[in-house]
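>>> what's the 3D shape of this:
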Amino acid sequence: MNVIGKSGLKRIVRKHPQVESELLAWYKAARNATWNSLADVRTVFPTADLAGKVLIFNILRNELRLISVAAFQYQRLYVKALLTHKEYDRKEWTKWAR
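Predicted structure coming up:
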């Protein structure tokens, strides 16, 4: 997958330094993957979810949610946000699901 948003990941790490190693591991795994569906993603990240186009990853033992938009047909993954559960529950991330 072509992960779009490495600079966004760097901003996330500045805001949440405790996730740096986990996000780096996530980035490497996603960048080296060929995913065509949620089933493919779950072979590497079993707790990942898909809502419309939004692919959601649990980060830091499910303390945070990494929000991305998947374009499986183009092998692209767009990093959008890292949210706490409170932020996630506001459902503002659903704007990317369409």
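>>> hey, let's count contacts and neighbours off CA atoms from now on
Noted.
>>> what about the helices in the protein?
Applying DSSP state H to the chain gives helices spanning 6-15, 20-31, 38-44, 85-89.
>>> quick one: residue 78 and residue 68 touch, right?
Yes. Using C-alpha atoms under 8 Å, residue 78 makes contact with residue 68 at a distance of 5.2 Å.
>>> Give me the more crowded residue out of the two.
Just comparing residue 78 and residue 68: by other C-alpha atoms under 10 Å the higher neighbour count belongs to residue 68, 24 against 19.
>>> Show the model's pLDDT score for the closest residue to the more buried one other than its chain neighbours.
Nearest non-adjacent residue to residue 68, counting by C-alpha to C-alpha, 6 or more residues apart in numbering: residue 79, 4.4 Å away. pLDDT recorded at residue 79 is 94.
>>> Isn't residue 79 up against residue 57?
No. Using C-alpha under 8 Å, residue 79 is not in contact with residue 57, being 10.8 Å away.
>>> Look at residue 39 and report its pLDDT.
Note for residue 39: predicted pLDDT of 98.
>>> ok, now the one 10 residues further on?
Taken from the predicted model, the pLDDT recorded for residue 49 is 97.
>>> how near is it to residue 41?
Using C-alpha to C-alpha, to the nearest Å, residue 49 is found at 9 Å from residue 41.
>>> quick one: which of those two has more around it?
Each of residue 49 and residue 41 has its neighbours counted (other C-alpha under 10 Å); residue 41 has more, 20 against 17.
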